[in-house]
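K.L.:
Got a sequence here, can you model it:
(2 chains)
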Protein chains: 2
Amino acid sequence: MATSLARMLKGQVRCYSAPLDMAIPASKQRYIPTTGTYPQGFQVSGTHVGVKASNTRFPDLALIASDTPCSAAAVFTTNKFQAAPVQVSRKTLQSRKGDGIRAVVINSGCANAVTGKGGLEDAVQMGRKVDECSGVENDSSLVMSTGVIGQRLPISKILDRIPTAHSTLASTHEAWLNTARAICTTDTFPKLLSRTFTLPSSPDRSYRLAGMTKGAGMIHPNMATLLGVLCTDAAVEPAALQSILKHAVSRSFNSISIDGDTSTNDTIAVLANGAAGGETVRAPGASASADYTALQGVVTDFAQELSQLVVRDGEGATKFVTVRVRNSPDYESGRMIASTIARSPLVKTALYGKDANWGRILCAVGYTQGVAEGTVVPERTSVSFRPVDGSEVLKLLVNGEPETVDEQRASVILQNEDLEIEVDLGGGEQGAAGCGGEDAVYWFCDFSHECIPAFAVDIIESREISGLKAFGSENAYIYEEEPLK
Amino acid sequence: MATSLARMLKGQVRCYSAPLDMAIPASKQRYIPTTGTYPQGFQVSGTHVGVKASNTRFPDLALIASDTPCSAAAVFTTNKFQAAPVQVSRKTLQSRKGDGIRAVVINSGCANAVTGKGGLEDAVQMGRKVDECSGVENDSSLVMSTGVIGQRLPISKILDRIPTAHSTLASTHEAWLNTARAICTTDTFPKLLSRTFTLPSSPDRSYRLAGMTKGAGMIHPNMATLLGVLCTDAAVEPAALQSILKHAVSRSFNSISIDGDTSTNDTIAVLANGAAGGETVRAPGASASADYTALQGVVTDFAQELSQLVVRDGEGATKFVTVRVRNSPDYESGRMIASTIARSPLVKTALYGKDANWGRILCAVGYTQGVAEGTVVPERTSVSFRPVDGSEVLKLLVNGEPETVDEQRASVILQNEDLEIEVDLGGGEQGAAGCGGEDAVYWFCDFSHECIPAFAVDIIESREISGLKAFGSENAYIYEEEPLK
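P.N.:
Here you go, the predicted model:
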């Protein structure tokens, strides 16, 4: 019994004693790249600091540095309680007008949020120590933190280790992977991607784009933060970079649903150092340049792929679900509907139970708040499952009428890890099906993060069950040994 | 091992084979009244129909009838996919201008939603059969349904049993309790309350108010519906009744959070037959009459108590949490903040883990959407736990500064089933603490409904574990034997 229970829970109870225990679940191995093509002129490192005293060996300080000044842009959390690093990085970007940024420094283990004036000073110091090591002027670095809210950073420890972080900077795949590890908290695997691309203005020139992100099941107290850093060796002017990032993030990191909570620290930043040469991509005036449009497409695709890794790491998730809302009279209404479906506990539960329950999907469409009048018309609404193997769409509801569903086929489709739900609004009241426009897409996982750990707490509290260590490594704690306030 | 697991799950795996298996968990027994004072001139019955073929003995048809015509009012789901009974009842109320209503008839087991024109006819027929049995004119009855979406009602079976429902009408406590049982789906206990009250215009006259509701852990496919019926023997004109109900529901049934999904069938109705005599309560003109104000208070309190029973029945819930947002510049912003805290998975998880985690509460305050500018000011925001035993408030955050929390006291407070979280916005940017105004209050439970059943599905699917019956009754099915589409 203990064995079968352990088997059921295997890979679902996580180790929180360190940012990452390196014991990556077998099912996640395929998401970790074994090689990469990284942007020229960037060097990175992951260093052990021990921000949390309990972390005695894993990297928890990430440094991403450019040999030359970069254009930079970032989107920050909309939470009204903004962590110190968010306030400091935002100010740095503003005062530099998105230009002359040299590095991003990130610690995991402590969020430096709700830490008052002292916390702001800590964040400034972190950045300045990096500037000093790089021999560049003050306030050339962006700062991010993720971890516990309401505790001050162990700033001396961090400052003491920044020279090491700087002296170990490298451009190898291993260095990038180690850096991606350093920003993890409850993540079960480091999230790193890279790719090459071209731009229309110089079709023979190769550009590179690399990025890392963190964010996972969001179980751990105060560790719900989503961080991301993208680096490219294309030359992009700051205003263009900011508008490209905004477009990309709204269609990627802002179109995934894990638990719906928005942390005090969420930050996605992009640096462009121009090391690959070529023309500078400029912000569109009257019309977008071909380079701008191409780069926007590349960055959006890339950010989508990167953000999907966060969904893949959803705690207890068994499904990766894409919901696509088509033929909405306007994109924003479609997006709100996609988001509501993705956040519906009832939809998630049905998918987990492999139940082709269009009723719950329809219900979520129907109660979406804030959509424009006339967007949802019951007799124009259709719901289908689109299998990932490219086989025929399974229609569940057509123009508001339930279809006779082939239960066996539905069951086969729902066995797959990946699934696409398509909601067709038929153009709403005014429009017509096939009216075109941008599909609104959201990515989510099926399972609540709350389940297994809560259950595991029960197990620990009951103190009656043998074989506890079978649930995780010897270092596995459901809650920290330190108070997490 | 099987025993300790069973103990952990005890009372958390539910029987879905019938609307209610009558095996009420010991911990819920105290919420079931053993007696009551019911409004004069109302008679009720709960009858077995077998709307679901699998239900061979439990009541699934509720009839609530008044000897004389009633004023009536209702609030309906805002879901754009409105079930047939919602459309029909709304039309009945409109065409009768809230007057001359004689009965409410409710079936569980099938929602009669997304059933097209045929479904509308079924709902009309249900009501008319009741009218016929009562010997009153057509369209004197309101109709409600709860259950599976997308299936037609077994209307002949229902019509055949309505005469029995009518002939067994009674005014005893047992009849009321049996009627409350008939509307249950996944509820673990029937939810019924009654009370007496007086009105200022005739202080010696006693009025009665009774109500029943359903709604529970919201696990079961398509059974997330919230229904409620209130009956009083006070005389109230329809417009007054409608505005009183709207006020009460926004502060009760619309201020609880179980899973955030809004069903196609949600309906709360109130009937007032005036059988107790006295003056008719009228809608306020320039100023509210004393009777109107008093009745509004009574109905609001009563609806709050009734709706709290739904929270008490939250699947897997171990805590009943009140969140009170004080000193918000406006009530609506405060309410949105309370609602966001109540729906935050991270807050719920922390409470389940008995963790005094103000960071998550603050985080939810900070990301609440749609609050008026200047409502949330970090340095004016305070968070406290208010123990239910009336002992001193435990301050967690005062004016944006973390308090040194007495961990032991926090732990004692968090052991209790009931807890109140107080968020003080200090009047926002413009206002001042203690500026008065209405507190925004929400009630919620700590635990995700998704956990245990999903886990139980695992258990069943693994087919390796002995002692399955230890988890529930012999009739316990996690999913229906019938397809639930």
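K.L.:
what is the mean pLDDT for stretch A:371-386?
P.N.:
Here stretch A:371-386 scores 93 as its mean pLDDT.
K.L.:
what sits against whatever residue of the stretch 1-150 of chain A ends up closest to chain B?
P.N.:
Residue of the stretch 1-150 of chain A nearest chain B, by Cβ to the nearest Cβ: A:Ile149 (3.4 Å). C-beta here means a position set from N, CA and C on the backbone, and glycine is covered the same way. Going by Cβ atoms under 8 Å, 6 or more residues apart in numbering or on different chains, A:Ile149 touches A:83, A:111, A:113-114, A:222, A:264, B:359, B:362-363.
K.L.:
Chain B contacts on the stretch 251-400 of chain A?
P.N.:
Selection of the stretch 251-400 of chain A residues close to chain B by Cβ under 8 Å from any Cβ of the partner chain yields A:259-264, A:343-346, A:348-350, A:352-353, A:355-360, A:362-367, A:376, A:378, A:396-397, A:400.
K.L.:
Sort the contacts of A:Ile149 by pLDDT and name the bottom one.
P.N.:
For those, the pLDDT minimum is A:Asn222, 39.
K.L.:
Tell me where the longest strand sits in chain A.
P.N.:
strand A:61-76 (DSSP state E).
K.L.:
Show the subsequent helix or strand relative to that one.
P.N.:
helix A:84-95 (DSSP states H and E).
K.L.:
Provide a list of residue ranges in the stretch 201-350 of chain A with pLDDT below threshold.
P.N.:
Residues of the stretch 201-350 of chain A meeting the criterion pLDDT under 70: A:216-224, A:258-261, A:286-288, A:315-316.
K.L.:
Closest residue of it to chain B?
P.N.:
A:Thr262 (3.9 Å).
K.L.:
ok, that residue - contacts?
P.N.:
With Cβ under 8 Å, 6+ apart, A:Thr262 has these contacts: A:77-79, B:363, B:366-367.
K.L.:
Now which of these would you call buried?
P.N.:
A:77, A:79, B:363, B:366-367 (16 or more other Cβ atoms under 10 Å in any protein chain shown).
K.L.:
Report the central residue of chain A.
P.N.:
A:Ser307 (4.0 Å; Cα atoms, centre = their mean).
K.L.:
what's the domain layout of chain A?
P.N.:
Structural domains assigned to chain A are A:26-312, A:320-455, following the TED database.
K.L.:
Distance of the residue lying closest to the residue of the stretch 1-150 of chain A closest to chain B once chain neighbours are set aside relative to B:Thr381?
P.N.:
For A:Ile149, ignoring the flanking residues on the chain, the nearest one in space by Cβ to Cβ, 6 or more residues apart in numbering or on different chains is B:Gly359 at 3.4 Å. As judged by Cβ to Cβ, to the nearest Å, B:Gly359 and B:Thr381 stand 12 Å apart.
K.L.:
who's more crowded, the two?
P.N.:
B:Gly359 (32 against 27; other Cβ atoms under 10 Å in any protein chain shown).
K.L.:
coming back round to it: return the distance of the longest strand of chain A from the chain's centre.
P.N.:
Relative to its parent chain, strand A:61-76 has a centroid offset of 18 Å by Cα atoms, centre = their mean, to the nearest Å.
K.L.:
For A:Leu362, grab the count of nearby residues.
P.N.:
For A:Leu362, using other Cβ under 10 Å, the count is 30.
K.L.:
Test my guess that it contacts B:Phe81.
P.N.:
Yes. A:Leu362 is within contact range of B:Phe81, at 5.6 Å (criterion: Cβ atoms under 8 Å).
K.L.:
who are the neighbours in contact with A:Val423?
P.N.:
Contacts of A:Val423 (Cβ under 8 Å, 6+ apart): A:323-326, A:337-338, A:341, A:361, A:365, A:381-383.
K.L.:
Could you look up the SS state of it?
P.N.:
strand (DSSP: H, G, I helix; E, B strand; the rest coil).
K.L.:
Is it bridged to anything, and to what?
P.N.:
A:Val325, A:Val383 (DSSP bridges).
K.L.:
where along the stretch 201-350 of chain A do the helices fall?
P.N.:
Using DSSP state H, counting those that start in this stretch, the helices of the stretch 201-350 of chain A run over A:238-250, A:290-312, A:331-343, A:345-352.
K.L.:
buried stuff in the third one?
P.N.:
Put plainly, it is helix A:331-343. Neighbour count says helix A:331-343 has A:333-343 buried, by 16+ other Cβ under 10 Å.
K.L.:
And the residue of the stretch 301-450 of chain A closest to chain B?
P.N.:
For the stretch 301-450 of chain A, Cβ to the nearest Cβ, closest residue to chain B: A:Gly359, 3.4 Å.
K.L.:
surely that residue meets B:Cys110?
P.N.:
No. Between A:Gly359 and B:Cys110 there is no contact under Cβ under 8 Å: 11.8 Å.
K.L.:
what is in contact with these two at once?
P.N.:
B:Val148.
K.L.:
For the stretch 1-150 of chain A, just list every one of the strands.
P.N.:
Here the stretch 1-150 of chain A has its strands, by DSSP state E, counting those that start in this stretch, at A:42-47, A:61-76, A:101-110, A:141-148.
K.L.:
Averaged pLDDT, the longest one. What do you get?
P.N.:
Across strand A:61-76, pLDDT averages out at 97.
K.L.:
just stretch A:394-401 next, same as before
P.N.:
Averaging pLDDT along stretch A:394-401 yields 92.
K.L.:
Please apply the same query to stretch A:153-168.
P.N.:
So the average pLDDT for stretch A:153-168 ends up being 98.
K.L.:
Next, the buried residues of that stretch.
P.N.:
For stretch A:153-168, by 16+ other Cβ under 10 Å, it's A:153-155, A:158-159, A:161-162, A:165-166.
K.L.:
hmm, who's touching it?
P.N.:
A:45, A:47-51, A:61, A:63, A:65, A:105, A:107, A:110, A:112, A:115, A:119, A:122-123, A:125-126, A:129-130, A:133-134, A:145, A:175.
K.L.:
Alpha carbons only: can I get it in CSV?
P.N.:
Coordinates of each C-alpha in stretch A:153-168 appear next as CSV, following Å, rounded to 0.1, in the frame of the first residue of the first chain:
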residue,chain,number,x,y,z
LEU,A,153,17.9,40.1,1.8
PRO,A,154,21.1,38.7,3.4
ILE,A,155,22.8,41.5,1.4
SER,A,156,26.3,41.1,2.7
LYS,A,157,26.4,37.5,1.6
ILE,A,158,25.1,38.5,-1.8
LEU,A,159,27.5,41.4,-2.3
ASP,A,160,30.4,39.1,-1.2
ARG,A,161,29.5,36.6,-3.9
ILE,A,162,28.9,39.0,-6.8
PRO,A,163,32.7,39.2,-7.6
THR,A,164,32.7,35.4,-8.0
ALA,A,165,29.5,35.6,-10.1
HIS,A,166,31.3,38.1,-12.3
SER,A,167,34.6,36.2,-12.5
THR,A,168,32.9,33.0,-13.5
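K.L.:
what's the spacing between that stretch and its chain's center?
P.N.:
Using Cα atoms, centre = their mean, the offset of stretch A:153-168 from its chain centre is 26 Å.
K.L.:
ok, now stretch A:167-186?
P.N.:
That offset, for stretch A:167-186, works out to 17 Å (Cα atoms, centre = their mean).
K.L.:
Same question for stretch A:346-356.
P.N.:
Worked out by Cα atoms, centre = their mean, stretch A:346-356 lies 23 Å from the chain centre.
K.L.:
Only alpha carbons, please: show it as CSV.
P.N.:
C-alpha atoms of stretch A:346-356 as CSV (Å, rounded to 0.1, in the frame of the first residue of the first chain):
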residue,chain,number,x,y,z
LEU,A,346,-14.5,22.9,-13.1
VAL,A,347,-13.0,22.8,-16.6
LYS,A,348,-9.6,21.7,-15.1
THR,A,349,-11.2,19.0,-13.0
ALA,A,350,-13.1,17.6,-16.0
LEU,A,351,-10.0,17.5,-18.1
TYR,A,352,-8.1,15.8,-15.4
GLY,A,353,-10.9,13.3,-15.2
LYS,A,354,-10.7,12.8,-19.0
ASP,A,355,-14.3,13.9,-19.3
ALA,A,356,-15.4,15.5,-22.6
